[in-house]
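> Build me a structure from this.
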Amino acid sequence: MESCVFIGTHSSVLDEKSRMVLPAGFRKDNQPEVLSGDFYITPHREGFMVVRPAIIWENYQSLILDDDELDGVQKRKFIRLLCNNSVKIKLDNQHRIVLNQGLRHKLEFTDDGPRQKMVVVGCGDFLEIWPEAIYRGEDDSTMELSNFIDTFDGR
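Numbers count the residues shown, from 1 in each chain. Here you go, the predicted structure:
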């Protein structure tokens with residue numbers, strides 16, 4: 001079974017054609033089958049993108065469908081909302097992620113410049129793409145978790 005590993009935080013630039021190179025660390029840590037497969041990009045309401053490799057996307061949908069707390073109508077609406085707002089892509093030959101115009105407009109940039117600074121955040125088996133200015137504020141707000149993280153022993 002394919003596994004995905006996205007660990008670390010990387011700076012990147014979204015170019016004038018809405019392309020961004022997948023950080024080298026992420027390429028090094030993942031199997032060629034993962035990198036050559038489909039990826040699904042979903043905008044998050046907080047102004048960033050969630051990027052899931054196909055295997056993680058499929059597992060995510062299965063978790064929704066298997067959830068006992070949602071009834072059939074809720075599951076159908078959740079899947080519809082997820083699929084209607086997501087885009088399926090493949091990395092190009094230079095390992096770039098291309099954000100179509102609809103996705104790019106959902107990112108909350110602080111200026112209209114053509115080359116936007118981005119932060120790519122590894123979240124284990126998926127990654128997030130943030131406009132740099134928005135992520136820096138998010139990063140600052142998570143510092144309150146540092147005491148928990150410092151004392152968490154995993155049990």
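
> Report the contact partners of the residue sitting nearest the centre point of the chain.
What sits nearest the mean C-alpha location of the chain, by C-alpha atoms, centre = their mean, is Val50, with 2.4 Å. Going by C-beta atoms under 8 Å, 6 or more residues apart in numbering, Val50 touches 41-44, 126-128. Every residue, glycine included, has its C-beta placed from N, CA and C.

> between these, which is nearest Leu70?
Of all the contacts of Val50, Leu70 sits closest to Thr42, with 18.0 Å by C-beta to C-beta.

> so where's the chain shaky on pLDDT?
1-2, 137-149, 153-155 (pLDDT under 70).

> Would you map the strands across it?
Secondary structure of the chain (DSSP state E): strands at 9-14, 19-21, 38-43, 49-53, 87-90, 96-98, 116-122, 127-131.

> Go through stretch 68-79 and flag the buried ones.
Neighbour counts using 16 or more other C-beta atoms under 10 Å place Lys75 of stretch 68-79 among the buried residues.

> Also stretch 103-119?
For stretch 103-119, by 16+ other C-beta under 10 Å, it's 103, 107, 109, 116-119.

> Would you point out the most distant pair within those residues?
Checking the buried residues of stretch 103-119 with C-beta to C-beta, the most distant pair is Leu103 and Lys117, at 17.0 Å.

> coming back round to it: so how far is Asp71 from the residue nearest to the centre of the chain?
Between Val50 and Asp71 the distance, using C-beta to C-beta, to the nearest Å, works out to 25 Å.

> Export the contacts of Val50 as CSV, with columns for distance to Leu81.
Below are the contacts of Val50 laid out as CSV (distance: C-beta to C-beta, whole Å):
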residue, distance to Leu81
Ile41, 15
Thr42, 10
Pro43, 11
His44, 12
Phe126, 18
Leu127, 21
Glu128, 19
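
> What subset of those is buried?
Judged by 16+ other C-beta under 10 Å, buried ones among the contacts of Val50: 41-43, 126-128.

> Please identify which of the residues you listed is nearest to Ser12.
Closest to Ser12 out of those is Leu127 (10.9 Å), distances taken as C-beta to C-beta.
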